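Engineer: here is the input, now give the coordinates:
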Amino acid sequence: MALDLTQAAGTFVQGISSTVKTVTGSDITLIAGFSQAQLQALAQQSALVAGMIEANAFTAAEKMFYLDGLDQMARGFVNTFVQIVEVEIEKIYNAVVKAIYDSIGNLAGVTLAVPRAAV
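Structural biologist: The predicted model follows:
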């Protein structure tokens, strides 16, 4: 019996979209919470530094020290965010590949070993 390719494609679309929603659902909330907390901390520290600079309360060396600290905070936030996103992409990739292999297995009546990217 030949597969109805339109129906088979629908099976793949359903499987892939369902698994991506499942994988990303709670993770997106977690990433957003992390980002919001980090941005809030960075904004508060920036406001404090701006206030001290405006009040002329820093020596030149102190000013550079605190500005360098803000730079490090920003770099740390961005680097951590990028790493979180990389892990999320690998999780989505694994979920999509599994959905595809599972759908092929169901449609073709076979069991396939699912490859995985390291998470």
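Engineer: only C-alpha atoms from now on, for both contacts and neighbour counts.
Structural biologist: Noted.
Engineer: burial of residue 102, as a residue count?
Structural biologist: Per other CA atoms under 10 Å, the neighbour tally for residue 102 reads 20.
Engineer: check contacts around it.
Structural biologist: If you count contacts by CA atoms under 8 Å, 6 or more residues apart in numbering, residue 102 has them with 111, 112.
Engineer: give me the element it is part of.
Structural biologist: helix 60-108 (DSSP states H and E).
Engineer: repeat that for residue 20.
Structural biologist: For residue 20, the host element (DSSP H and E) is helix 5-54.
Engineer: just checking, residue 77 touches residue 38?
Structural biologist: Yes: the pair residue 77 and residue 38 qualifies as a contact (CA atoms under 8 Å) at a distance of 6.7 Å.
Engineer: so residue 48 versus residue 75, what's the distance?
Structural biologist: Using CA to CA, to the nearest Å, residue 48 is found at 19 Å from residue 75.
Engineer: same question but for residue 66, I mixed them up
Structural biologist: 14 Å.
Engineer: neighbour-wise, which of these two wins?
Structural biologist: Set side by side, residue 66 and residue 75 show more neighbours around residue 66, with 19 against 12, by other CA under 10 Å.
Engineer: so for the more buried one, what's the pLDDT?
Structural biologist: If you check residue 66, the pLDDT there is 96.
Engineer: tell me the confidence at the residue nearest in space to the middle of the chain?
Structural biologist: Geometric centre of the chain, nearest residue: residue 85, 2.7 Å, by CA atoms, centre = their mean. Residue 85 is assigned a predicted lDDT (pLDDT) of 89.
Engineer: the one 3 residues further on now?
Structural biologist: pLDDT, the model's per-residue confidence, is 90 for residue 88.
Engineer: please begin residue numbering at 379 from this point
Structural biologist: Right, with 379 as the first residue, what we last looked at is residue 466.
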